[in-house]
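In: coords below, sequence missing:
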């Protein structure tokens, strides 16, 4: 059974703090890793799709790195803002034939003004 | 606006009744998916479809059925055989299954409560 772990489960920070989360996944049969941002009462929104070891992606104040050999990805948020409050999900694809995403349980970020 | 529409947003069902959740997309995507979320667990795949008139079981298909008669529609029926149907259900779509860079687009979800 493939397992995707995210840590921490939740995080409370002050506005302006920088923060990071971890997503751990099986290091064999890697195909792709997705990061999603999920605000309450909205649809999950894709942040990054990462496919190559060493990939680094950036979108505004949010960036992500990927290490497929050791099976982890980090998501960084620089200078957190209240609007960054959301659950951040990672999802691993180990089988390219089906594109089946295996999701972690998410990290809930709360940014206090 | 292009996107995925799920309905209803909230649904109550009596035990023993079947219920169908609607999912429509106007993104012209070939692949569609149904996920279920339970407290403390990641999203789990119920069924997926790569193309019209074809669908495959996901990891937790028991007690569910789907159809894909049209490209834009992928309804999910929660049958009375599903032992724990109370959950949050998310529909999603993507351009196709096999490209690693394919982003998945999600609807806003449907809450099903069995009373």
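Out: Everything's here; your move. Keep in mind the model is a prediction, meaning the values are calculated, not measured. Numbering: from 1, shown residues only, chains lettered A, B, ... in the order given.

In: quick one: end-to-end length of stretch B:16-34, please.
Out: By C-alpha to C-alpha, to the nearest Å, the extent of stretch B:16-34 from end to end equals 22 Å.

In: just stretch B:49-64 next, same as before
Out: End-to-end span of stretch B:49-64 (C-alpha to C-alpha): 14 Å.

In: got the phi and psi for residue A:82?
Out: The phi/psi pair for residue A:82 (degrees, to the nearest 10) reads phi -50, psi -30.

In: contact partners for it?
Out: A:15, A:111-113 (C-beta atoms under 8 Å, 6 or more residues apart in numbering or on different chains). Where you see a C-beta, it was placed from the backbone N, CA and C, and this is true even at glycine.

In: report the buried members of those residues.
Out: Burial by neighbour count, 16 or more other C-beta atoms under 10 Å in any protein chain shown: within the contacts of residue A:82 this picks out residue A:111.

In: can you list the contacts of residue A:82 in JSON lines and add secondary structure?
Out: Listed next are those as JSON lines, based on DSSP: H, G, I helix; E, B strand; the rest coil:
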{"residue": "A:15", "secondary structure": "coil"}
{"residue": "A:111", "secondary structure": "strand"}
{"residue": "A:112", "secondary structure": "strand"}
{"residue": "A:113", "secondary structure": "coil"}
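
In: farthest pair in the contacts of residue A:82?
Out: Spatial extent of the contacts of residue A:82 (C-beta to C-beta) is set by the pair A:111 and A:113 at 7.7 Å.
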